[in-house]
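Colleague: Sharing a model that was predicted from the sequence below.
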Amino acid sequence: MAKPLVTDELWAVVAPLLPPAAPHPKGGRPRVDDRAALTGILFVLRSGIPWEMLPAEMGCGSGMTCWRRLRDWHAAGVWQRLHHVLLERLHVAGQLDWSRASLDAQSVPAGKRGAHTGPNSTDRGKPGTKRHLLVDRRGTPLAVQLSAANQHDSTVFETLLDAVEPVRQARGRPRQRPAKLHADKGYDYRKCRLALRKRGIKARIARRGVESGQRLGRHRWVVERTFAWLNRFRRLRVRYERRDDIHLAFTKLACALITLKALKRFC
């Protein structure tokens, strides 16, 4: 028998974060159960199928119903809070490693134009979207941002650092900054190093024309592995959505699922 997409463990974390359903005093069709809608969302995320092809026998309602639920929950901040709650549980268990962090970007094709799309120089100028990812020493996602494929990596550097929310730990003040940050030569700019210095983070950025980036790979490979984990979710291999908030919602949900897997593995 196939494993359920929404396990009891996942649902126990998600359910308290969901906003209450809006009342419908004039009646209408019964509302699709939230857990069933989440099952449909995860099925689309993992399989990559179009919304309209969501199998009716799954009992998740229509693809449009699941799409609306994904949109509304993203607007309510559910996926961000889900990721943060899982990070806190991982940190309280002592399994979130802030000693080193790695940062990088990855471009994916954009099937439709929209916000945060632009010509991708590595794909013959076709439209693309860039994902900017910050992970801890083990590769657990800490923050993710989107930009156009033609936007330079360094322009999103500070916003990505500040996107990490303070994470509670068993003792002491919440943690938000890693001790060191590893990055490639695309971030070798004075403004990036000043941004790290201002936040008390030690810079480990390869210098252009001075040193090879090969040694840096001893620590930076974890972010490349996390990008590979994200690409296991087939809906994220190509940006099919014209709306950037829908693609970001899928990306944040995938980061939360990766964090949940780390929590199950180390705790």
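Modeller: Received the coordinates, thanks. Only a predicted model underlies this, so the values are computations on that prediction, with no experimental measurement involved.
Colleague: and A149, how far is that from K130?
Modeller: To K130, A149 is 5 Å away according to CB to CB, to the nearest Å. Using the backbone N, CA and C atoms, a C-beta is placed for each residue, glycine as well.
Colleague: Specify which residue of these two has the higher count of neighbours.
Modeller: Taking A149 and K130 together and counting by other CB atoms under 10 Å, A149 has the greater number of neighbours (26 against 23).
Colleague: sorry, back to before: what sits in contact with each of A149 and K130?
Modeller: Each of S107 lies in contact with both A149 and K130 under the rule CB atoms under 8 Å, 6 or more residues apart in numbering.
Colleague: Below-threshold pLDDT in the stretch 51-200 of the chain: ranges please.
Modeller: Residues of the stretch 51-200 of the chain meeting the criterion pLDDT under 70: none.
Colleague: Going along the chain, name the helices of it.
Modeller: Read by DSSP state H, counting those that start in this stretch, the stretch 51-200 of the chain holds these helices, from start to end of the chain: 63-75, 78-92, 157-162, 190-198.
Colleague: Surely F266 is in contact with L96?
Modeller: No. With the criterion set as CB atoms under 8 Å, F266 and L96 do not qualify as a contacting pair; they are 9.2 Å apart.
Colleague: Looking at those two, which one has more neighbours?
Modeller: When F266 and L96 are compared on other CB under 10 Å, the one with more neighbours turns out to be L96, at 23 against 13.
Colleague: residue contacts, the residue nearest to the more buried one when sequence neighbours are not counted?
Modeller: Once its chain neighbours are removed from consideration, L96 has its nearest residue in L90; the separation is 4.8 Å (CB to CB, 6 or more residues apart in numbering). Contact criterion CB under 8 Å, 6+ apart gives L96, T140, T259, A262, L263, F266, C267 as the residues in contact with L90.
Colleague: now do N231
Modeller: If a contact means CB under 8 Å, 6+ apart, then N231 has R237 as its contacts.
Colleague: shift numbering so it begins at 29
Modeller: Sure thing, new numbering starts at 29, so read that last one as N259.
Colleague: Quick check: phi and psi on it?
Modeller: In this entry, N259 is assigned phi and psi values of phi -70, psi -10 (degrees, to the nearest 10).
Colleague: how near is it to H275?
Modeller: According to CB to CB, N259 stands 14 Å off from H275.
Colleague: quick revisit: got TSV for the contacts of L118, with secondary structure and distance to W101 too?
Modeller: Output for those, formatted as TSV (DSSP: H, G, I helix; E, B strand; the rest coil; distance: CB to CB, whole Å):
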residue	secondary structure	distance to W101
L124	coil	25
T168	coil	22
T287	helix	17
A290	helix	22
L291	helix	21
F294	helix	27
C295	coil	26
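Colleague: Point out the least confident one among the residues you listed.
Modeller: Comparing pLDDT over the contacts of L118 singles out C295 as the least confident position, at 75.
Colleague: re the thing from before, quick one: the residue nearest to L124 from N259, how far?
Modeller: Per CB to CB, L118 is found 22 Å from N259.
Colleague: Tell me which of the helices of the stretch 79-228 of the chain lies nearest to R63.
Modeller: Between R63 and the helices of the stretch 79-228 of the chain, the shortest gap by CB to CB is with helix 91-103, which sits at 10.9 Å.
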